[in-house]
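In: next come a sequence and a model predicted from it.
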Amino acid sequence: MMNRILKRQLKRHFSKEFDPTSLDENVQSLLESVSQSYDEFAKEKRLLENTLELNSEELFAANKKVLEQNREIDTELQQYKHAMESAMLVNRFNLDGTLSFVNEKFCIMSGKDESYFLGKEHCSLYHDNPHAKAMKQKIFAKETWSGTLKHKAKNGEVFVLNATIFPILNADNEITCFMSIYQDITEIEKSRIKALELDKSKSLFIANMSHELRTPLNSIIGFSQILKKQEKIPEKLRGFIERINVSGEHLLKLINSILDFSKIEAGQVQLEKIEINLYEIANSVMTQQEPQAREKGLSLRVLYDEQMPKYFLGDSLRLTQILTNLVSNALKFTEHGGVSIIVSYKAENRVRCEVKDTGIGLSEKAKEKLFKQFSQADESTTREYGGTGLGLSISKELVTLMGGKIWVESEEHKGSSFIFEINLEDAKHADPLFEDDNSEEHKASVQDLKHFTEKKILLAEDNVTNQFLVEAMLDETDIQLDIANNGLEALNLFHAHTEEYYSLILMDLQMPIMNGFEATERIRKTNQTIPILGLSANIDKEDIAKAKVLGMNNYLSKPIDSEKFFRTLLKYLNESKF
């Protein structure tokens, strides 16, 4: 059937009575092909129209969705803008530094209208700004500057602001202006300062407590040591004195642990980095523990890797404390065999220390409680062996401060190994801050001081009990002891005689009217040779360094250890010219 549009066109061209069948067969065949083409075109046209209609509907729907999303985005942007402006302080300034916009919140904080700020220099906003030059260099380099600034309000109140200042760039990457966004951190800063003040107060409290607790202990331990050495004392009474001494030493260790724990918690422990002899530290720890080991019939050994250097840069006091805690703990729980300290290299500048015992060992459950504050393996351990459970906790914190780790390897009834690895830098031999030769061949007693017949010592000490203790310790000698109750009295006594009169000065560091530091500094202005030994119940590395700088030759910590006291006096009295 011929396409109706083609048929209508043929009749319009020829006549209304035109009959295609009357034409030649070839022409009819051609017209049929043309008719089919017309039909196919019509189909494609209808399909295209339908497709366009569908696409138009989809385009309309998509356009509608985009518009709705744009409205939502605009709403959210307005909300964010409102939130930012209500929470943040914002301003904008031109390339010449003049302000062109200040938001409402900034105006409220400042107590001034926007009109007051517009046209004024951006830098005029800040109170005592030390960053002006660095800030300008950074933002003109198309970078963001961040830091803390201060703004003084109309009423005189100074606000602390956390500031972010950055350039606004156009399509050609050129700076058009600058934006400043601030967060008011005044209250946060006040809280920070208050926390620092509280921390300072806590530090002062810990220092005072250390002094106040150790001062009476100095007398208890010191006098008990003197009484122990008296020959004409009944054995029963000697046993009581021994108990007093042991209890005093135990109480001192307990106080030291609690004070150390408080310092660690407060973040007040700072490690020294001076030359130390690690081999000597290990041997010294074992020497200190010999009486306890001998009493239980236990052996003590130090196994030191011969390939390792002996000198490192580290903190001798804290390393001794860690090893002492571990060895003391091992001896407490060992009845047969012995305890060893094994020192080796793990890697370059990485030292491994192992305290190995043949004691009761630990169960898996008990291991979980180790290194926790005030915690021991179980309650029966506390009842049977005593202790506070602080030693391992303190050791762990100190090892961590040294960039290391500590752990235990143990089986029940097979002994334990407490192992720690720390970073220690190799060092060449150098003199320590203060010398202290505590080797066996340099031990001393009051007998070693009896040959001094014309020596005079000046003692500056405000505590009467401590004065009496030093007098008692020197009672068997012919050394003359003059006593000053404070630094000023010591200074006056020293200058009241010739420079050759005193052979040595014992100087307490904490005294009223004038402390030991100031008295030492003044003495050194006129006399550089007389030995001055510091005395203190609370001396840290800062005090030691300060004492060294001001001219002290050495120091003795309280409670005074009688053997170290006699050893130190012997050294400096032998060296003294007078």
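Out: Yep, that arrived. Residues are numbered from 1 along each chain as shown.
In: helices of the stretch 151-300 of the chain, start to end?
Out: 186-228, 235-265, 278-296 (DSSP state H, counting those that start in this stretch).
In: now render the ones you listed as JSON lines, adding distance to Thr176.
Out: For the C-beta atoms, the positions are set from N, CA and C on the backbone; glycine is no exception. Formatted as JSON lines, the helices of the stretch 151-300 of the chain follow (distance: least, Cβ to Cβ, whole Å):
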{"stretch": "helix 186-228", "distance to Thr176": "32"}
{"stretch": "helix 235-265", "distance to Thr176": "53"}
{"stretch": "helix 278-296", "distance to Thr176": "64"}
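In: check contacts around the closest residue to Glu280 other than its chain neighbours.
Out: Distances taken as Cβ to Cβ, 6 or more residues apart in numbering put Lys310 closest to Glu280, at 7.4 Å, once the chain neighbours are dropped. Listed by Cβ atoms under 8 Å, 6 or more residues apart in numbering, the contact set of Lys310 reads 277-280, 304.
In: what do you get for Ala153?
Out: Ala153 sits next to 109-111, 159 when contact means Cβ under 8 Å, 6+ apart.
In: and these, which of them are buried?
Out: Among the contacts of Ala153, the ones that count as buried by 16 or more other Cβ atoms under 10 Å are 109-110, 159.
In: and these, which of them are in strands?
Out: Mapping these onto strands (DSSP state E) picks out Phe159.
In: list just the nearest of the buried ones among the contacts of Ala153 to Arg243.
Out: Closest approach between those and Arg243, by Cβ to Cβ: Phe159, at 63.8 Å.
In: which residues does the closest one bridge with?
Out: Applying DSSP bridges to Phe159 gives these bridge partners: His151.
In: was I right about it contacting His151?
Out: Yes. Judged on Cβ atoms under 8 Å, Phe159 makes contact with His151 at a distance of 4.9 Å.
In: which residues do these two both contact?
Out: Taking Cβ under 8 Å, 6+ apart as the contact criterion, the common neighbours of Phe159 and His151 are Met109.
In: how about the contacts made by Leu509?
Out: Contacts of Leu509 by Cβ under 8 Å, 6+ apart are 515-517, 534-536, 539, 543, 547.
In: give me that answer again for 10 Å
Out: 211, 460, 487, 515-517, 519-520, 534-539, 543, 546-547, 552, 555 (Cβ atoms under 10 Å, 6 or more residues apart in numbering).
In: in helices only, show me these.
Out: Counting by DSSP state H, the contacts of Leu509 place 211, 487, 516-517, 519-520, 543, 546-547 in helices.
In: please tell me how far Gln288 sits from Ala496.
Out: 42 Å (Cβ to Cβ, to the nearest Å).
In: so for those two, which residue has more residues nearby?
Out: Remark: of Gln288 and Ala496, Gln288 carries more neighbours, 15 against 9, as counted by other Cβ atoms under 10 Å.
In: quick check: closest non-adjacent residue to that one.
Out: That would be Thr324: by Cβ to Cβ, 6+ apart, it lies 6.8 Å from Gln288.
In: what's the burial count for the one you found?
Out: 19.
In: that one: what secondary structure?
Out: helix (DSSP: H, G, I helix; E, B strand; the rest coil).
In: distance of it relative to Leu237?
Out: Applying Cβ to Cβ, the value for Thr324 to Leu237 is 31 Å.
In: kindly report the same for Phe312.
Out: 47 Å.
In: with neighbour numbers in mind, choose between the two.
Out: Phe312 (23 against 11).
In: which residues touch the closest residue to the more buried one other than its chain neighbours?
Out: Spatial nearest neighbour of Phe312, excluding adjacent residues (Cβ to Cβ, 6+ apart): Leu424 at 4.1 Å. Counting by Cβ under 10 Å, 6+ apart, Leu424 touches 273, 276, 278, 308-309, 311-315, 319, 345, 349-351, 353, 402-404.
In: residue contacts, the residue nearest to Gln288?
Out: Applying Cβ under 10 Å, 6+ apart, the residues near Thr324 are 253, 281, 284-286, 288-289, 391, 395.
In: for it, give its distance to Leu317.
Out: In terms of Cβ to Cβ, Thr324 sits 10 Å off from Leu317.
In: what is in contact with the two at once?
Out: Contact criterion Cβ under 10 Å, 6+ apart; residues bridging Thr324 and Leu317 by contacting each: Ile281.
In: looking at this, Glu476 is in a helix?
Out: No. If the criterion is three-state DSSP, then Glu476 is coil and not within a helix.
In: please report the distance of it from Gln467.
Out: Distance from Glu476 to Gln467, by Cβ to Cβ: 17 Å.
In: who's more crowded, the two?
Out: Neighbour count, other Cβ under 10 Å: between Glu476 and Gln467, Gln467 has more, with 18 against 14.
In: quick check: mean pLDDT of the strand or helix carrying that one?
Out: Using DSSP states H and E, Gln467 sits within helix 464-473. Averaging pLDDT along helix 464-473 gives 90.
In: what does it rub up against?
Out: 215-216, 218-223, 225-227, 446, 449, 457, 459-461, 463, 481, 483-485, 506, 508, 535, 537, 558-560, 562, 565-566, 569.
In: which among the residues you listed count as buried?
Out: Buried among those (16+ other Cβ under 10 Å): 215-216, 218-223, 225-227, 446, 449, 457, 459-461, 463, 481, 483-485, 506, 508, 535, 537, 558-560, 562, 565-566, 569.
In: what's the neighbour count on Thr148?
Out: Number of residues near Thr148 (other Cβ under 10 Å) recorded here: 12.
In: can you tell me the SS state at it?
Out: Thr148 ends up strand, using three-state DSSP.
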